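Q: Sequence first, then the predicted structure, then my questions.
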Amino acid sequence: MHPERMACVASDRRAEAETRIRAVMKQLLSGDVPTGFKCDVSSLSALANVPRATLYRTYPHLEAEFDQHLGRLREAGKEPDPHRAQVERLKSEVMGLQDRLSRANAVTAELEAFRYTALSRLAAQHEETLRSAATGRPSEQVRSAPATVREQRPCQAGARMSA
């Protein structure tokens, strides 16, 4: 084969490879990422059927162009890789849920502290009531309930109290 013919074949192969790379670039950047692949240079070279080393060595301008377009898309808030977009969305959702959980834990802690205080006060009042009943004289610490409360009828079993 003549050297001129070999150069022509090599040039044709390069042009075909560049066309395949550009087609795959367009596919990946549009969000059409096949299952098992990502929107990255490794997937670009695999889908274009061009070894990655060849892509870096022979077509650095295409690799740079791909990275540039990908960077611009991501800066604009558009993620062409659906898997990566899902991961980012889930990370954000997890952060929101963690924040919600920490707020719920804080409320629970406040309610536990309130419950402890209320039970302590009830126990102290009960002890004081038992002491005053045992001595037969009302304690200075036990106060009478307001008249409006004393006049109410006791609740019947199973009846609900109204607010």
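A: Alright, I've got the coordinates. Numbering: from 1, shown residues only.
Q: Give me the below-cutoff pLDDT ranges for this protein.
A: Low-confidence segments of the chain, defined by pLDDT under 70, are located at 1-9, 138-163.
Q: pull the longest helix from it.
A: As far as residue count goes, and with DSSP state H defining each element, the longest helix of the chain is helix 82-135.
Q: Which neighbouring elements make contact with that one?
A: Under the contact criterion of 3 or more CB pairs under 8 Å, 6 or more residues apart in numbering; DSSP states H and E, helix 82-135 touches no helix or strand at all. (C-beta placed from N, C-alpha, C; glycine too.)
Q: the residue most distant from the middle of this protein, which is it?
A: Taking CA atoms, centre = their mean, the residue of the chain most remote from its mean C-alpha position is G136, at 63.8 Å.
Q: tell me the phi and psi of that one?
A: In terms of degrees, to the nearest 10, the main-chain angles of G136 are phi 80, psi 0.
Q: Ok, V50 next?
A: Main-chain dihedrals, V50, degrees, to the nearest 10: phi -130, psi 130.
Q: repeat for F37
A: In terms of degrees, to the nearest 10, the main-chain angles of F37 are phi -120, psi 170.
Q: so the residue nearest to it when sequence neighbours are not counted is in which element?
A: Taking CB to CB, 6 or more residues apart in numbering as the measure, F37 lies nearest to S43, with 4.0 Å between them; neighbours along the chain are not counted. With secondary structure defined by DSSP states H and E, S43 is part of helix 41-47.
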